[in-house]
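Asks: whatever this is, show me its structure:
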Amino acid sequence: MPKRKDERVYTWNDLEGQVMPEVLHAPRTCGDLTGSWPEVHSRIIRYLVRRVVGKPWADHLTLIVAVFTAQRRDVWTVEQALRVLNAGFSSLFSHFQLEHVSQWSIEQHLAPYVRGVVFPQKPLQARINFSKRYMSATHLVASWCDFLPASQQEQYRPFLLPMMNLLFAEEFAKMDRAWTRQQQELRKEETEAVVPQFTALRATAHFRFNRMTRLWQAYQQALSQVLPDHANLPLDFSYEEGDPPAERMLCRLWDRRSFVLHPDHAQLYASYTVTCARKQRRAFRDDHNEVFLELIRVERLIGNDPPEGLWFTELMKLGMLGQKPLTGTEKEVETKQAWLRQWGYGGDDPKGPQEPFYPRHTGLLSWPETGRATGYFMTLAQQRTQGVLIPVESLYAATTFGLLALELFTTTGMRINELQQVSLSPECLIRMVDDPPPGASEQTPRIRYVLRLLPKGERTDKRHHDGIGKDGLRLIEQTAHMLCAHYHLQPGERLPRVAFSSASTRRHRFEGEKIPYLFQYGHRHLSDYAISACLRFLMHGMMFQTSTGDLVILKPHLLRHAFATFAVHVEGLPIDLVAEWLKQKNLDTTRYYSKKGQQEVAEEHASFVERLATEINIREAIVRSPEEIRKLAEQARRRVGTLVPVCGGDCTFDGWCHNQFDCIRCPSKAPDPDKRYQVKEKQRWAEERLAYYEREGLVLETEKMRHLLRNCALELREMEMMQAYRKDENRVAQVKFYPRSPKE
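Replies: Here you go, the predicted model:
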């Protein structure tokens, strides 16, 4: 049976009698009865009680936890230090056969470990991480002790771990700098592999999502044709891809009984299984007899090129989703692992077991777990057919989440824990309305959308703004509609409220809350593992290679690096501007806007986005504000910022323009293909100025115009991609059904 999760809320008093009273009631910590200090978080106390108490270093780590918390360190920072130190001490004390902390020595025990003399098989990263945590903890607790009265200092010295001497600290610092430099170079190589395809990867993701959507549409149409008793199964149908049609997708609907009893399959199953299927017993009863899809083959309609099909069919055939890469015979697992490594799925441990498409979330990237051994049946069925069996609902959900994540990562540079906060609650999604600028030809109100999120490093409950563009808003709507279908919600019903992912390192900031998070499935909030797996699934097969030929796998944090690098090195923007967008501690990045920019169209959206978003009328807010605020707000409206259209799109930055109003290819602008004519006019003007400057021999001005022309060409190309995938998005699968053959 699975282990039950410990839901008990632990308090500091649970350590009573398990650690020394001096530690439990240390001054200037939560145990100090004479003051008011921050309480240690329950999950940290749980770890102390269950993993640390009874070990020689229990008192020392408990004091470290108390002091860290009193200094208002983040909960995850404290927990991570505790886990790393406890694991390190467990290994080292056992290896050196130490029985008491008084035997612990920096020179005899810590130094050999850091230098790799002891446990040389452990990666350098693990050894450096332990040393950094150790040094940080010992310094902080020593500083705390120095503030105590002399009598108390002597009382607490036995609970202080020895500190590193200066010579070893310098040696360790050199190793740390070398390792950090190595990691930075690796991240730079990976980023450089992604940046040249930064625009293409977004377009590819949209095209793949469109293909998955049409497969889902065709599947839904086919399901509607299935008779209540499944008498017309198997059901063959097809639909076409491309405009004009270039490929035909030939598909078939089965249920368990029709699949096993089919003449091509019956001989491949045991006679008992065939009998159960014929007599509708056990796994073939009506309540177990679910319908599923097989992609039989893809036919090319134009030219002789190999058909493109669906990008994930090989993953399904080889059994690469979920935990399947680790199942099977030893040889089968070895073959699967070798295949994954050929595609670059090595992670931080290239030799360790790989399961890159395992989201650790029931129902995603897998067959639904209904208690009827569906996954096992499908695995065996896949081995007995030449086509590809596809869990359409599961893959459609994963693709939807993957595309929305990619869109937000590449347009805002947000972190994954901020992405997890996106919800349809009025506290998160804000609709902003303002009057058009005076004299503008388009006099409809300006409507913009922002997400209010709690960034990493923000110690208060103040939320910061992240803008979303037209594509982002549309994907939020599509994700909401997908979830409505998943939960079988009726019109007017709202998404379920769920708790923040228990696997997140930031979950302590959202404890006790249940929110209609957008990244949820099966009444559970998606973890960072699940989101990363969906992203990898969506982009599988798109090649990113470093200069040395190593394959690069997209990761959320890598996309954040790519976003910043694209702005600095491709767009040539100043680093201080990009830093202001990313806000390493107070993320306040690019702001993108509503779907059409018109109030009438926005109000027609039949989605959760429109029904749940809080609306702020900027003009009314200004009129009702005090005089001083009104003046500041009017000044803000006149500068380049969130509510101002610019050449080729809309500016999303709500501060003073550091880019000197050079809006072409500025990352803080949301390009709008409908404003393509503005960029074309800018291009025409630049061509005229270039010719003039060349005649006048003005070298600097000539180079500026050439740079502008290059940017115009790149922006026009990006608009072409956006137009292409938006047009492709509007195509609907046209399904054609076929009669059953006589032998069936």
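
Asks: quick one, helices of the stretch 201-350 of the chain?
Replies: 256-261, 263-266, 271-278, 313-318, 330-342 (DSSP state H, counting those that start in this stretch).

Asks: next, the buried residues of the shortest one.
Replies: So that's helix 263-266. Buried residues in helix 263-266, counted by 16 or more other C-beta atoms under 10 Å: His265, Ala266. C-beta: built from backbone N, CA, C; applies to glycine.

Asks: repeat for stretch 539-551
Replies: So, applying 16+ other C-beta under 10 Å, buried residues of stretch 539-551: Met539, His540, Phe544, Thr546, Leu551.

Asks: so what touches it?
Replies: Contact with stretch 539-551 is made by 189-190, 192-194, 197, 201, 204-205, 311-312, 315, 343-344, 357, 402, 406, 552-554, as judged by C-beta atoms under 8 Å, 6 or more residues apart in numbering.

Asks: for the protein, name the helix or strand with the lowest mean pLDDT.
Replies: Here the helix or strand of the chain ranked lowest by mean pLDDT, DSSP states H and E is helix 599-603, holding a mean of 31.

Asks: picking up where we left off before, okay, the helices of the stretch 201-350 of the chain in a markdown table with distance to Glu99 and mean pLDDT next?
Replies: Shown next, in a markdown table, are those (distance: least, C-beta to C-beta, whole Å; pLDDT from 0 to 100):
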| stretch | distance to Glu99 | mean pLDDT |
| --- | --- | --- |
| helix 256-261 | 61 | 94 |
| helix 263-266 | 65 | 92 |
| helix 271-278 | 60 | 93 |
| helix 313-318 | 51 | 92 |
| helix 330-342 | 41 | 91 |
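
Asks: what would those look like in a markdown table with distance to Ser366?
Replies: A markdown table is the format used below for the helices of the stretch 201-350 of the chain (distance: least, C-beta to C-beta, whole Å):
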| stretch | distance to Ser366 |
| --- | --- |
| helix 256-261 | 17 |
| helix 263-266 | 22 |
| helix 271-278 | 23 |
| helix 313-318 | 11 |
| helix 330-342 | 16 |
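
Asks: deepest in the core, which of these is it.
Replies: Highest mean neighbour count among these (mean count of other C-beta atoms under 10 Å): helix 256-261, with a mean of 22.

Asks: please save the CA atoms from it in CSV.
Replies: Extracted C-alpha coordinates of helix 256-261, given in CSV (Å, rounded to 0.1, in the frame of the first residue of the first chain):
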residue,chain,number,x,y,z
ARG,A,256,-11.0,-3.2,-25.5
ARG,A,257,-13.4,-6.0,-26.8
SER,A,258,-13.2,-4.9,-30.5
PHE,A,259,-9.4,-4.7,-30.3
VAL,A,260,-8.8,-8.1,-28.8
LEU,A,261,-11.4,-9.8,-31.0
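
Asks: what is it packed up against?
Replies: Judged by 3 or more C-beta pairs under 8 Å, 6 or more residues apart in numbering; DSSP states H and E, helix 256-261 is in contact with helix 271-278.

Asks: next SSE downstream of the longest helix along the chain?
Replies: Criterion DSSP state H: the longest helix present in the chain is helix 699-729. Next in sequence after helix 699-729, counting helices and strands by DSSP states H and E, comes strand 736-738.

Asks: stretch 154-162 spans what distance, first to last residue?
Replies: Counting by C-alpha to C-alpha, to the nearest Å, you get 15 Å between the two ends of stretch 154-162.

Asks: which intervals of the stretch 251-400 of the chain have sub-threshold pLDDT?
Replies: The stretch 251-400 of the chain contains residues with pLDDT under 70 at 347-351, 369-372.

Asks: tell me where it has strands.
Replies: Ranges of strands in the stretch 251-400 of the chain, per DSSP state E, counting those that start in this stretch, are 291-300, 388-390.

Asks: compare these and give me the one nearest Phe96.
Replies: Evaluated over the strands of the stretch 251-400 of the chain, closeness to Phe96 peaks at strand 388-390, with 54.3 Å, by C-beta to C-beta.

Asks: still on that earlier bit, sort out for me which of the buried residues of stretch 539-551 are in helices.
Replies: Using DSSP H, those in helices are Met539.

Asks: lowest pLDDT pick from the buried residues of stretch 539-551?
Replies: Confidence by pLDDT is poorest for Thr546 among these, given 79.

Asks: which of the strands of the stretch 251-400 of the chain sits most buried?
Replies: strand 388-390 (a mean of 21).

Asks: helices or strands next to that strand in the packing?
Replies: When contacts are defined as 3+ C-beta pairs under 8 Å, 6+ apart, strand 388-390 packs onto strand 291-300, helix 313-318, helix 374-382.

Asks: flag every buried residue along the helix or strand containing Glu192.
Replies: If you go by DSSP H and E, Glu192 is part of helix 166-194. By neighbour count with 16+ other C-beta under 10 Å, helix 166-194 contains the buried residues Phe168, Phe172, Met175, Asp176, Trp179, Glu190, Thr191, Glu192, Ala193, Val194.

Asks: how distant is it from the center of its chain?
Replies: 25 Å (C-alpha atoms, centre = their mean, to the nearest Å).

Asks: just checking, what packs against that helix?
Replies: If contacts are counted by 3+ C-beta pairs under 8 Å, 6+ apart, helix 166-194 sits against helix 111-115, helix 124-146, helix 556-565.

Asks: now do it against helix 124-146, angle only.
Replies: Interaxial angle, helix 166-194 versus helix 124-146 (axes from the mean of the first three to the mean of the last three C-alpha atoms, to 10 degrees): 130 degrees.

Asks: before we move on, the earlier item: can you put the helices and strands packed on helix 166-194 in TSV and add distance to Thr69 and mean neighbour count?
Replies: What follows is the helices and strands packed on helix 166-194, written out as TSV (distance: least, C-beta to C-beta, whole Å; neighbours: other C-beta atoms under 10 Å):
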stretch	distance to Thr69	mean neighbour count
helix 111-115	27	18
helix 124-146	11	18
helix 556-565	27	20
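
Asks: could you tell me the least trusted of these?
Replies: Minimum mean pLDDT among the helices and strands packed on helix 166-194: helix 556-565, a mean of 77.

Asks: report the angle between that one and helix 166-194.
Replies: Using the same axes, to 10 degrees: helix 556-565 against helix 166-194 is 80 degrees.

Asks: quick check: closest non-adjacent residue to Arg507.
Replies: Phe500 (4.9 Å; C-beta to C-beta, 6 or more residues apart in numbering).

Asks: how far does the helix or strand harbouring Tyr529 sit from the chain's center?
Replies: If you go by DSSP H and E, Tyr529 is part of helix 528-539. Distance of helix 528-539 from the chain centroid (C-alpha atoms, centre = their mean) equals 7 Å.

Asks: with stretch 130-147 instead?
Replies: 34 Å.

Asks: run through who's touching that stretch.
Replies: 28, 63-64, 67-68, 70-71, 80-81, 84-85, 87-88, 110, 113-114, 153, 156-157, 160-164, 169, 172, 176.

Asks: repeat for stretch 226-233
Replies: Gln225, Leu235, Leu253, Trp254, Asp255, Arg257, Ser258, Asn289, Val291, Arg740.

Asks: any idea where the helices of the stretch 1-150 of the chain begin and end?
Replies: Going by DSSP H, counting those that start in this stretch, the stretch 1-150 of the chain shows helices at 21-24, 42-47, 58-70, 75-96, 111-115, 124-146, 150-156.

Asks: of all these, which one is nearest Phe510?
Replies: So among the helices of the stretch 1-150 of the chain, helix 75-96 is nearest, using C-beta to C-beta, at 11.7 Å.

Asks: how big is the angle separating the closest one from helix 58-70?
Replies: Going by the same axes, to 10 degrees, helix 75-96 makes 160 degrees with helix 58-70.

Asks: report the rounded mean pLDDT for helix 75-96.
Replies: Mean per-residue pLDDT for helix 75-96: 95.

Asks: which strands and helices sit next to it?
Replies: Using 3+ C-beta pairs under 8 Å, 6+ apart, the elements in contact with helix 75-96 are helix 42-47, helix 58-70, helix 124-146.

Asks: can I get the buried residues of stretch 539-551 in a markdown table including distance to Leu473?
Replies: What follows is the buried residues of stretch 539-551, written out as a markdown table (distance: C-beta to C-beta, whole Å):
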| residue | distance to Leu473 |
| --- | --- |
| Met539 | 22 |
| His540 | 27 |
| Phe544 | 28 |
| Thr546 | 35 |
| Leu551 | 33 |
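
Asks: sweet, I'm off.
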